[in-house]
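[1] sequence plus the predicted model coming up.
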Amino acid sequence: MKNSNASNSTPQEPEGSSPKIRVLIADDHELIRWNLKRLIALLPGLVVIGEATTGHEALKLANKHKPELVFMDISMPEMDGVEATRRIVCANPATRILVISVHADRRYAAAMLSLGAVGYIIKDHLCDELRPAVEAVMSGRIYVSPEIASGEDE
């Protein structure tokens, strides 16, 4: 008889708890992933189900675990976040991609949104913008860092 409590890589919710939004983090910098996990832990209703250091890993994990939300860096080795976003959105249209980037440039944000990302946060503003960005994108709205949206990058 198969053990229904067997361990797998997807966290299980205790019976009676509300389901959590499953999150994948894709960034090649360990410090960013570590800090992002700590910030996500402060937000109720989110659980990190995986981490990727390349676009290829992000695509593989997204296809395997079908997260509701992916935090995606743009500049990663092997396959960048641009191509990974395009492929994830194509394969899993319900997955929301929230870009986290050092590029405070409207052109980057516009390009990522045109590929299907639903949000764009500048990494320098992650602490202040994570909560409103997650709330916006999980409610079906687009979120762009105010610095970019207001045109201060020009």
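    Good, I have the coordinates.

[2] contacts, neighbours, all on C-alpha from now
    Noted.

[3] helices of the chain, start to end?
    Remark: helices assigned in the chain by DSSP state H are 30-41, 55-65, 81-91, 106-114, 126-138, 146-149.

[4] elements contacting the first one?
    Right, helix 30-41. With contacts taken as 3 or more C-alpha pairs under 8 Å, 6 or more residues apart in numbering; DSSP states H and E, helix 30-41 sits against strand 46-52.

[5] thinking again about what came up before, can I get the helices of the chain in a markdown table with mean pLDDT?
    Listed next are those as a markdown table, based on pLDDT from 0 to 100:
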| stretch | mean pLDDT |
| --- | --- |
| helix 30-41 | 96 |
| helix 55-65 | 97 |
| helix 81-91 | 97 |
| helix 106-114 | 96 |
| helix 126-138 | 96 |
| helix 146-149 | 90 |
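
[6] center of the chain - which residue?
    Central residue of the chain (C-alpha atoms, centre = their mean): Phe71, 1.7 Å from the mean position.

[7] do you know how far it is from Asn35?
    Applying C-alpha to C-alpha, to the nearest Å, one obtains 12 Å for the distance of Phe71 from Asn35.

[8] rewinding a little: closest one to Ile21 among the helices of the chain?
    Nearest of those to Ile21, taken as C-alpha to C-alpha: helix 126-138 at 9.0 Å.

[9] now do the buried residues in that closest one.
    Neighbour-count burial for helix 126-138 flags 126, 129-130, 133-134, 136-137 (criterion: 16 or more other C-alpha atoms under 10 Å).
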